[in-house]
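K.L.:
3D, please:
(one chain, ligands or ions: 1)
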Amino acid sequence: MMSFVLPPGVAATARIAHIGLAVRDLDAAIAFYRDVLGVAPEPQESADGATIVRLVLGETEIELLTAADTTSPIGKFLARHGPGIHHICFKVDDLEAALAACRKAGYRLIDDVPRRGAHGRRIAFLHPSSTAGILLELTG
Ligand code: CO
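P.N.:
Below is the predicted model of the structure:
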């Protein structure tokens, strides 16, 4: 059995902040969460050429993303893959420390330094080519 050693202070308290889902029709996607789970959608936001609706489920959120313009990252994702899971966002205690650990371990970063994402959060994305094919987002 393999054993893993965590760098000091990194990731031990990480949790899933949200799961980003790429959708073609926001209203259709919202219906399940509203009508079955009883979750009221937050007001629409815009970031990175995407229109975003957050659905708050306790400590975790679902982020529904659709393309406000087809050349945006979400527009390209939808064209290439169709609707589906777009990214997973992990909340970490110290975003800078997590990014430093990523750099040290050779992960390919999309954002070298944190920037503002939806809902004013500080975020940074890791490229899926170095994270098992899944686009990962870190937030502080
Ligand atoms: Co996100």
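K.L.:
what about residue 66, how many residues close to it?
P.N.:
22 (other Cβ atoms under 10 Å). For glycine as for every other residue, the C-beta is placed from the backbone atoms N, C-alpha and C.
K.L.:
Enumerate every residue touching it.
P.N.:
By Cβ atoms under 8 Å, 6 or more residues apart in numbering, residue 66 lies in contact with 22, 23, 24, 25, 26, 50, 51, 74, 78.
K.L.:
Next, give phi and psi for the third one.
P.N.:
Put plainly, it is residue 24. phi -90, psi -30 (degrees, to the nearest 10).
K.L.:
For residue 79, see how far away it is.
P.N.:
11 Å (Cβ to Cβ, to the nearest Å).
K.L.:
ok, back up a step: looking at the contacts of residue 66, which are in strands?
P.N.:
Residues of those located in strands (DSSP state E): 22, 50, 51.
K.L.:
Show me what the longest helix along the chain is packed up against.
P.N.:
In the chain, with assignment by DSSP state H, the single longest helix is helix 95-105. Helix 95-105 is packed against strand 122-126, strand 135-139, with contacts defined by 3 or more Cβ pairs under 8 Å, 6 or more residues apart in numbering; DSSP states H and E.
K.L.:
what is the rounded mean pLDDT of the last one?
P.N.:
The average of the pLDDT scores along strand 135-139 is 97.
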